[in-house]
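1. With the input below, show me the fold.
(chains A and B)
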Amino acid sequence: MKEKLGKALIKAIEKQGIENPTVNIEHPEDNTFGDFSTNLALVYSKQLNLAPKIIAEKIIEELKKDLLGEVKSIEIAGPGFINFKIKDDFFANQVLDISKNIKDFGKNDLDKGKKIMVEYTDPNPFKIFHIGHLMANTIGESLSRIIEFSGAKVVRACYQGDIGLHVAKTIWAVLKNRQENINIKYLGDMYVFGSNKYEEDEIAKKEIIEVNKKIFEKLDKEINKIYDFGKKISLEYFDEIYKKLDSKFDNFFFESEVADDGIKIVREFLKKGIFEESEGAIVFPGEKYGEHTRVFINSQGLPTYEAKELGLTQKKFKLYPKLSESIVITANEQNAYFKVILASLNVMYPEIAKKMKHLSHGILRPSSGKMSSRKGNIVSADDLIAEFESLVEEKLKGRELDKKEYEEIKKAVAIAGLKFTILRQSIGGDIIYDPLKAVSFEGDSGPYLQYAVVRANAILIKSQEVEISKNVKILPETVSILEKLILRFPEVVERSRKEYSTHYIVTYLIELSSAFNSYYANNQIINSEDSLSPYRVMITKVFAEIMKNGLWILGIKVPEKM
RNA sequence: GCUCUUGUAGUUCAAUGGAUAGAACAGAACUCUUCUAAGGUUUUGAUGUAGGUUCGAUUCCUACCAAGAGCACCA
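-> Below you'll find the predicted structure:
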């Protein structure tokens, strides 16, 4: 429909003497204006030296010559907008068509045949898996799914820092505070301990640097043993969290695997004059490229995160030479650092640099109180999930559910609340949530979306029992906003893909659910006396399927009952 | 100090340069003898300040104010 209108509008404006016009068609925010609108007359009023309203009239005259059958009315409004109203039966028929092939509804071909890598989460063994990792995971998983909906094969990658100073801090602390049972909690505590000592204590700092060197050399048996065990239990622990979050990686990269390659790249380009030596370290003089200088290899000859990132990037493209895009998601405190990396890549490997896309997220914090990573009181992903689960438990009190259902609902609803909180706003900013209302299950929330689908599903089950015909013979004379919103799903997915944004999906699903809830309140869907009942059941089915797909994109599961 | 990001109802978020700036929560008033009321209906309330560009600015530019992050051997 949109394409048809677009073509007709282009034809009409070209007749006014505009070459290669760009036509903007949107849905007016206020739907009483119509179903589509264009600002065409406003845009070209200057070029044509005519008042927008006059141009609009001329356009409408042209349009009327081959008036589209589906259009109910065309009007000029405001400063010169052209508003289109579409006939109701068009919407009803479209929804009926969609219902016949609902499975793929919402998919598009923007990335057809492409292979795209998304790197996200990136937790570090020997350190806590904290809220930041949870955020990156939620965002990365959802973006991956949006890109899959656009036809690409997505390679999900996770880059883990299994080597570097943070590991040395933990292992040094373990050596100082030996304990029989080494578990995740203990390792987390040891990192905090080592990290603090590194800041405060000069002697400790020297020892930690020494340990760091030994980890690289792999000659100290004692250290190797702690290292291997610590890495193993860290990775097992991460796997458990990924299961909870319903995300799976195709490829795990480790810093230890890319360190040597990183050094090679830096040394190679040091000879070519891209890098420079400075105070015993090898640095990239970013000022030449509008950035700042950063150390790639430190004065001990060890690669920093920067050099390793180069090695990682090279490895990604060696493994998958056909990648058309490589997306990396990190916290936004790394923005400046990433700009320097990209600037250096742009000099060394411009073809690769073009394909890199860096996205960053802010921090997730409660509206009251402030967290300091220095002091180590970072909230772990596990604790946060547990907090959400206990809030759900409160809500579930007094409901009659068997134990299995109870557990399923608790998990699904807690994760939904959490992921919704993260995905509902545009990526990049901090997310502030009220811990008391963490997921208030009223209003805009993950559980609200789930609840709408659960209710729709209950109706669909009942419709089979009552045997409402699946043959839709009669369409309603007037349609509601529900039908109109249903048709917009594909364009919402496209926009999300183009802008790397998850929140358009969230906003859309909220609007759609709200429209359905309203429909549900105003229409009795199952009524064997009513000839419109088959249509209403059909639309309920379409709604439920879109919600299922939309929530899948967000990484949210729908429980059977709530 | 320098660089970047962000300032929208009491609160948390929306708004491809467009129309009367949308929601949700909180506040006020309704609504279950009807398919799950974690629902629905109605209602009060906002663009940090000062300029500029534009037919039109929450959006673009400049300055100021405020908050956050980053500024060489951490990741």
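2. Strands of chain A, start to end?
-> A:25-26, A:36-38, A:71-77, A:81-86, A:115-119, A:153-160, A:251-254, A:276-278, A:281-284, A:294-297, A:325-331, A:356-361, A:364-366, A:431-433 (DSSP state E).
3. Dump these to TSV, plus distance to RNA strand B, mean neighbour count and mean pLDDT.
-> For glycine as for every other residue, the C-beta is placed from the backbone atoms N, C-alpha and C. Below are the strands of chain A laid out as TSV (distance: least, CB to the nearest atom of the strand, whole Å; neighbours: other CB atoms under 10 Å; pLDDT from 0 to 100):
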stretch	distance to RNA strand B	mean neighbour count	mean pLDDT
strand A:25-26	3	14	91
strand A:36-38	3	22	93
strand A:71-77	4	16	91
strand A:81-86	4	22	93
strand A:115-119	13	23	98
strand A:153-160	8	21	97
strand A:251-254	10	17	96
strand A:276-278	4	12	94
strand A:281-284	4	22	96
strand A:294-297	4	22	96
strand A:325-331	8	21	96
strand A:356-361	9	19	96
strand A:364-366	9	18	85
strand A:431-433	4	16	88
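4. Output the longest helix belonging to chain A.
-> helix A:221-245 (DSSP state H).
5. Not counting its neighbours along the chain, what's nearest A:Gln179?
-> Distance criterion CB to CB, 6 or more residues apart in numbering; nearest residue to A:Gln179, sequence neighbours excluded, is A:Tyr186 at 6.0 Å.
6. right, I mislabeled it, should have said A:Gly6
-> Nearest to A:Gly6 is A:Val23, by CB to CB, 6+ apart, at 5.2 Å.
7. Dihedrals phi and psi, that neighbour?
-> Main-chain torsions, A:Val23, degrees, to the nearest 10: phi -110, psi 130.
8. neighbours of it, just the number please.
-> A:Val23: 16 surrounding residues under other CB atoms under 10 Å.
9. That one and A:Ala8 touch, don't they?
-> No. When contacts are counted by CB atoms under 8 Å, A:Val23 is not listed as touching A:Ala8 (9.5 Å).
10. What distance do you get for A:Val347 to A:Asp246?
-> 40 Å (CB to CB, to the nearest Å).
11. which residues does A:Glu57 contact?
-> Residues near A:Glu57 by CB atoms under 8 Å, 6 or more residues apart in numbering: A:Ile76.
12. Relative to A:Lys403, how far out is it?
-> 69 Å.
13. Likewise for A:Ser37?
-> Distance from A:Ser37 to A:Lys403, by CB to CB: 53 Å.
14. What of A:Ile203?
-> Note on A:Ile203: its distance to A:Lys403, by CB to CB, is 55 Å.
15. sorry, back to before: tell me the predicted confidence for the residue nearest to A:Gly6.
-> Listed pLDDT for A:Val23 reads 88.
16. Equivalent analysis for A:Lys375, please.
-> pLDDT, A:Lys375: 42.
17. From what I see, A:Phe84 and A:Asp35 are in contact.
-> Yes. Counting by CB under 8 Å, A:Phe84 does reach A:Asp35; the two are 6.1 Å apart.
18. In contact with A:Ile482, which residues?
-> Just to correct that, residue A:482 is Leu rather than Ile. Counting by CB under 8 Å, 6+ apart, A:Leu482 has contacts A:512, A:515-516, A:518-519, A:539, A:543.
19. got these as JSON lines, with pLDDT, distance to A:Gln450 and neighbour count columns?
-> Formatted as JSON lines, the contacts of A:Leu482 follow (pLDDT from 0 to 100; distance: CB to CB, whole Å; neighbours: other CB atoms under 10 Å):
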{"residue": "A:Leu512", "pLDDT": "96", "distance to A:Gln450": "13", "neighbour count": "23"}
{"residue": "A:Ala515", "pLDDT": "95", "distance to A:Gln450": "16", "neighbour count": "19"}
{"residue": "A:Phe516", "pLDDT": "96", "distance to A:Gln450": "13", "neighbour count": "25"}
{"residue": "A:Ser518", "pLDDT": "95", "distance to A:Gln450": "18", "neighbour count": "13"}
{"residue": "A:Tyr519", "pLDDT": "95", "distance to A:Gln450": "18", "neighbour count": "18"}
{"residue": "A:Ile539", "pLDDT": "96", "distance to A:Gln450": "19", "neighbour count": "28"}
{"residue": "A:Phe543", "pLDDT": "97", "distance to A:Gln450": "13", "neighbour count": "26"}
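20. when you check RNA strand B, which of these turn up near it?
-> Among the contacts of A:Leu482, proximity to RNA strand B is found for A:Ser518 (CB under 7 Å from any atom of the strand).
21. still on that earlier bit, quick check: the gap between the residue nearest to A:Gly6 and RNA strand B.
-> A:Val23 sits 10 Å away from RNA strand B, going by CB to the nearest atom of the strand, to the nearest Å.
22. Pull the contacting residues for that residue.
-> A:6, A:9-10, A:13, A:38, A:40 are the contacts of A:Val23 under CB under 8 Å, 6+ apart.
23. Report the central residue of chain A.
-> With distances taken as CA atoms, centre = their mean, the residue of chain A nearest its centroid is A:Ile139 (3.3 Å).
24. give the contact list for that residue.
-> A:Ile139 is in contact with A:120, A:329, A:359, A:361, A:422-423, A:427, A:502, counting by CB under 8 Å, 6+ apart.
25. Report how many residues lie close to A:Glu257.
-> 17.
26. For the nearest residue to it once chain neighbours are set aside, give its distance to RNA strand B.
-> Leaving aside its sequence neighbours, A:Glu257 sits nearest to A:Lys315 (CB to CB, 6+ apart; 7.3 Å). For A:Lys315, the distance to RNA strand B equals 15 Å [CB to the nearest atom of the strand].
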